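>>> Provided below are the primary sequence and the corresponding predicted coordinates.
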Amino acid sequence: MKKKTIIISVTVLILAIAAYFIFFSGDNKATKFSYSQITKGNLNVVISSSGTIQAIKTVEVGTQVSGKIDRLLVDFNSQVRKGQLIAVLDTVVLAASVRDAQSNLDKAKAQYEQAVAVHERNKQLYDKKFMNEVDFIASKTNVQVLLASQKSAITALERAKMNLNYAYIYAPISGTIINRAVEEGQTVAASLSSPTIFTIAEDLSSMRILTNVDESDIGQIKQGQKVTFTVQSQPGKKFDGEVSQVRLNPNVVSNVVSYVVVVKADNKDRLLLPGMTATVDFYVDFRENVLLVPNIALRFQPNEDMMAEYQKNREKELANLPDSVKKRMQEFRGGGQNGQTGMSGSFGGGQMGMGRDNNGGQRRRSGSRVWYFDENNKLQAAMIMAGLTDGKNTEIIRSRNLKEGMKVITGIIENNTPAAAAPSTNVFIQSTPGNRGPVRGF
């Protein structure tokens, strides 16, 4: 009897060990799922770019004559008025040129007056037949040549006086001196091009940003569009702006085409300085207080065992539906047999079906799906009509089952994989029978 008891105990122990390996190891061990929540909030679709801050109107002030800088009357950051004297070149050589031109003019006048007097005498002689016609014509021509010489001397004098006036440099606009390129005593040469002495920004209370936008995004940029931007000198502060111009001239660099977009921004606080680099966000579209689903949840795909379990549960649910409901579902999904055909197409094809527009025509609604576990711990799929996306979250235009706060699956994590594998989600543990392999949301 005692021996029989021992045999029974050993048999029970073996069965218990076998049951442990069957039910608590291998395919039936718990699987870790990563989840994200359906939230409600605002969605901004933006295009990001970078550009350089400039004054709206900037004038480079140079000199039209060569010479040595005699005096600089303004410096960096000086406020100037239009017509204000800001620099003077050395006038010694230019004044001498004026005196020389004046002397040449006086000489030309004297020669002209002498020629006129001689011509009047020759005319009298010609009238009395004491001078032949050839000499008379030569006398008349000499008067005209000396008159032209006098006019040329007058022009030379005017040019010399003008060059002397150019030695006095005046501000062409009212504004702020943002650059001074010369020092007193420095010689500037204006033989080929006008050298820059000052750079004047007209009004620093308003600035503009020249940004380069890629050709794939330029179609979404419109004049008057809202813009926000940041600069490194003001961390954490956002500035507002507006698109004032989209320039049509393309820039091609390494076969990459971009277009210059001009953004106008207010600068009453003088926090923005010329030359700063701005990171610009163009607001293409906006949704306020809408349901949002993380994009990673839309990319999750169950494995074969999960799909088999899901189909099995769906068949049970469909079997309990009234015949009228089955018929409507059958018509909506394409007229399958027993109300089941079209199931996989509906949930696997990623389409919500067809709708009607205001003109009676058909329009296709692009749809996506997310996966979750219901209150009975059963895997469920929720179809959604997706709207705008900012690359991280997507707007839910329409969905029957999804509500704010619901947890949707974003991936399956192996037991030996740390939870940090899904950094943007919370990790929970959900037990699913029949699971034979890990699948990650990607």
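On my side now, so go ahead.
>>> longest helix of this protein?
Among the elements of the chain assigned as helix by DSSP state H, the one spanning the most residues is helix 92-127.
>>> in it, what's buried?
Buried residues in helix 92-127, counted by 16 or more other C-beta atoms under 10 Å: 94, 97-98, 101, 104-105, 108, 111-112, 115, 119, 122, 126. C-beta here means a position set from N, CA and C on the backbone, and glycine is covered the same way.
>>> Out of those residues, which comes closest to Asn142?
Checking the buried residues of helix 92-127 against Asn142 by C-beta to C-beta gives Ala115 as the nearest, at 5.1 Å.
>>> dump the residue contacts of the closest one.
139, 142-143, 146 (C-beta atoms under 8 Å, 6 or more residues apart in numbering).
>>> any idea how far Lys123 is from it?
Computed with C-beta to C-beta, to the nearest Å, the distance linking Ala115 and Lys123 is 12 Å.
>>> do Thr228 as well
From Thr228 to Lys123 the distance is 86 Å (C-beta to C-beta).
>>> Name the residues contacting each of Ala115 and Lys123.
Contacts common to Ala115 and Lys123, judged by C-beta under 8 Å, 6+ apart, are Ser139.
>>> between the buried residues of helix 92-127, which is closest to Pro235?
Nearest to Pro235 among these is Leu94, at 52.6 Å by C-beta to C-beta.
>>> and Ile409, what does it touch?
Applying C-beta under 8 Å, 6+ apart to Ile409 gives the contacts 33-35, 297, 300, 370-373, 441.
>>> for these, which one is nearest Ser152?
Closest approach to Ser152 among the contacts of Ile409 (C-beta to C-beta): Ala297, at 87.4 Å.
>>> Just confirm the closest one is within a helix.
Yes - the assignment for Ala297 is a helix, going by DSSP: H, G, I helix; E, B strand; the rest coil.
>>> buried ones in the host helix or strand of Phe198?
Element membership for Phe198, per DSSP states H and E: strand 196-201. Neighbour counts over strand 196-201 (16+ other C-beta under 10 Å) mark 197-201 as buried.
>>> just stretch 136-149 next, same as before
Quick answer for stretch 136-149 (16+ other C-beta under 10 Å): 136, 139, 142-143, 146, 149.
>>> quick one: contacts of that stretch?
With C-beta under 8 Å, 6+ apart as the test, stretch 136-149 has contacts from 108, 111-112, 115-116, 118-119, 122-123, 126.
>>> can you give me the mean pLDDT across it?
When pLDDT is averaged over stretch 136-149, the result is 94.
>>> show me the contacts for the residue minimising distance to the centre of the chain.
Nearest to the mean C-alpha position of the chain, by C-alpha atoms, centre = their mean, lies Ser49 at 3.1 Å. Residues near Ser49 by C-beta under 8 Å, 6+ apart: 211-213, 261, 279-280, 282.
>>> how about the nearest residue to it, chain neighbours excluded?
Thr211 (4.4 Å; C-beta to C-beta, 6 or more residues apart in numbering).
>>> what's the angle between the helix or strand containing that neighbour and strand 196-201?
Secondary structure assignment for Thr211, by DSSP H and E: strand 206-214. Orientation of strand 206-214 against strand 196-201 (axes from the mean of the first three to the mean of the last three C-alpha atoms, to 10 degrees) gives an angle of 100 degrees.
>>> how distant is the following helix or strand past strand 206-214 from the center of its chain?
Downstream of strand 206-214, the next assigned helix or strand under DSSP H and E is strand 226-231. Centroid separation for strand 226-231 versus its chain: 10 Å, with C-alpha atoms, centre = their mean, to the nearest Å.
>>> Can you tell me the strand partners of strand 226-231 and which way each runs?
According to DSSP bridges, strand 226-231 forms sheet pairs with strand 239-253 (antiparallel), strand 277-294 (antiparallel).
>>> residues contacting the residue nearest to Ser49?
By C-beta under 8 Å, 6+ apart, the contact list for Thr211 reads 49-51, 260-263, 278, 280.
>>> Filter those residues down to just the ones in strands.
Within these, residues falling in strands by DSSP state E are 49-51, 260-263, 278, 280.
>>> which residues of the stretch 251-400 of the chain score low on pLDDT?
Applying pLDDT under 70 to the stretch 251-400 of the chain flags the ranges 325-326, 329-367.
>>> ok, so of the buried residues of helix 92-127, who is nearest Arg314?
For those, the nearest to Arg314 is Leu94 (96.9 Å; C-beta to C-beta).
>>> Next, count neighbours for the residue nearest to that closest one when sequence neighbours are not counted.
Leaving aside its sequence neighbours, Leu94 sits nearest to Leu164 (C-beta to C-beta, 6+ apart; 4.4 Å). Around Leu164 there are 18 other residues, counting by other C-beta atoms under 10 Å.
>>> Same question for the one 10 residues further on.
A total of 14 residues lie near Ser174 under the criterion other C-beta under 10 Å.
>>> now do Glu158
13.
>>> What residues sit buried inside the strand holding Thr211?
207-209, 211-213.
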